[in-house]
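Novice: I'll drop the sequence and a predicted model, then ask my questions.
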Amino acid sequence: MPDHSERYRTGMATRRAVLGDAHVDRASGRMTAFDAPFQEFITEGAWGTVWSRPELTPRERSMITIALLAALGHDEEVAMHVRATANTGATESDIREALLHVAVYAGVPAANRAYKICKEAFSKMAAPTTGSGEHS
């Protein structure tokens, strides 16, 4: 493992706080030499720079991120960040309000798709676990 920068270490701590250790461990376990530079880039840039800034709370960043991802049609990332609301403090009500902005500023079809994804993700989060399965 290379000697990582302070920004990388900060980013990894923030990434783990938002997405959870299990998610980050799975992503790290799938990393190869091909995508290692990309993983370092997003850990430093997205997590170590943007998500680690003190000007917005994790809740606010969560709402903004979900709205942007929904507007751009990044379905898997929307679901991942909805699951992360368990760690950021963003509520279903917060996400509903963010998606109303998506409808107005990015279009009803984008918001409609995002509502479907968010409902499914929130439903899975609320479902009791059996203890043997892993949630992704």
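Specialist: Perfect, thanks for sending it. Residues are numbered from 1 along each chain as shown.
Novice: Would you mind listing where this protein has pLDDT under the threshold?
Specialist: Along the chain, the model assigns pLDDT under 70 to residues 1-2, 129-136.
Novice: In it, which helix is the longest?
Specialist: helix 108-126 (DSSP state H).
Novice: In that one, which residues are buried?
Specialist: Buried residues in helix 108-126, counted by 16 or more other C-beta atoms under 10 Å: 110, 111, 113, 114, 115, 117, 118, 121, 122. Where you see a C-beta, it was placed from the backbone N, CA and C, and this is true even at glycine.
Novice: Equivalent analysis for stretch 85-98, please.
Specialist: Under 16+ other C-beta under 10 Å, the buried positions of stretch 85-98 are 85, 88, 90, 94, 95, 98.
Novice: how near is the residue nearest in space to the middle of the chain to residue 5?
Specialist: Closest to where the C-alpha atoms of the chain average out (C-alpha atoms, centre = their mean) is residue 81, at 2.9 Å. Per C-beta to C-beta, to the nearest Å, residue 81 is found 25 Å from residue 5.
Novice: So residue 3: helix, strand or coil?
Specialist: Secondary structure, DSSP: H, G, I helix; E, B strand; the rest coil: residue 3 is coil.
Novice: related to what we said a few turns ago, follow the chain on from the helix or strand hosting the residue nearest to the centre of the chain and name the next helix or strand.
Specialist: Per DSSP states H and E: residue 81 is located in helix 75-88. Once helix 75-88 ends, the next helix or strand along the chain (criterion: DSSP H and E) is helix 92-106.
Novice: now for the helix holding residue 81, which elements pack on it?
Specialist: helix 6-19, helix 58-72, helix 92-106, helix 108-126 (3 or more C-beta pairs under 8 Å, 6 or more residues apart in numbering; DSSP states H and E).
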